[in-house]
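Engineer: Need a 3D model of the sequence below.
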Amino acid sequence: MRMKKKMKTKNLEKPYTIRLTPDEEGGYVATIQELSGCIAEGDSPEEAVANITRAADSWIDAAHHLGQKIPEPICLSDYSGKIALRVPRSIHKQAAELSLLEGVSTNQLLLTAISNYLGGKEVFDKMATSLSDKISQFLSFCLLPTNTSLVTDVVTNSIYTANANANTISPQILLINQLNNAPTEG
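Structural biologist: Reported below is the predicted structural model:
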């Protein structure tokens, strides 16, 4: 079950989309579709939404501090289902030949390819959340003060950054710096 909700943060007056998903192990996971790597958890839907709101404020503050552009909210009512896509002739030729071999239209082949890519991103997001949970557990075991939503943000952003081959500060240095500046729990 997924629930989408629009939100406003203290930093921006524009509404962002929150995805609220029940966690298999209990509680809820909240993400903001437009803010890659912005993830929070809560025992109840209300707690997850409150946590994601704080995480979004931190995400936006960090992006401002790093001079990064803040993504605009997605307006879901502006989509017709039709895309005019320009590709190089060589890719068009490959897609047409492959669709003939597969016995499907080029449109269906491209739709399947896009769906597989987007589905893979969803799996990737779940893996990033799971990895951040394991890191938080490990850091708790080592008796280091941690902020779970901070670790989640850092891990997920580090994975996305590595995946995009961006020239940024090393994720390990970012994690250490943010953990050193994080408020302690307890």
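Engineer: Now do the domain split for this protein, please.
Structural biologist: 1-79, 80-186 (automatic domain parsing).
Engineer: what's the least confident stretch among these?
Structural biologist: Across the domains of the chain, domain 80-186 has the smallest mean pLDDT, namely a mean of 70.
Engineer: For this structure, just list every one of the strands.
Structural biologist: 3-7, 16-22, 28-32, 39-42 (DSSP state E).
Engineer: could you redo these as TSV and give each row distance to E122 and mean neighbour count?
Structural biologist: C-beta here means a position set from N, CA and C on the backbone, and glycine is covered the same way. Shown next, in TSV, are those (distance: least, Cβ to Cβ, whole Å; neighbours: other Cβ atoms under 10 Å):
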stretch	distance to E122	mean neighbour count
strand 3-7	14	13
strand 16-22	10	18
strand 28-32	10	24
strand 39-42	13	24
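Engineer: a markdown table please, covering those strands and showing distance to E97.
Structural biologist: Shown next, in a markdown table, are the strands of the chain (distance: least, Cβ to Cβ, whole Å):
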| stretch | distance to E97 |
| --- | --- |
| strand 3-7 | 39 |
| strand 16-22 | 37 |
| strand 28-32 | 38 |
| strand 39-42 | 40 |
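Engineer: burial of E24, as a residue count?
Structural biologist: E24: 9 surrounding residues under other Cβ atoms under 10 Å.
Engineer: where does it fall, phi/psi-wise?
Structural biologist: phi -60, psi -30 (degrees, to the nearest 10).
Engineer: For it, give its distance to K69.
Structural biologist: E24 is 34 Å from K69, where distance means Cβ to Cβ, to the nearest Å.
Engineer: Likewise for T21?
Structural biologist: 27 Å.
Engineer: so what does the longest helix along the chain touch, helix or strand wise?
Structural biologist: When the chain is parsed with DSSP state H, its longest helix is helix 106-141. With contacts defined as 3 or more Cβ pairs under 8 Å, 6 or more residues apart in numbering; DSSP states H and E, the packing partners of helix 106-141 are strand 39-42, helix 89-102, helix 148-164.
Engineer: how about that helix: buried residues?
Structural biologist: In terms of neighbour count (16 or more other Cβ atoms under 10 Å), helix 106-141 has its buried residues at L109, L110, D125, A128, T129, L131, S132, D133, I135, S136, L139.
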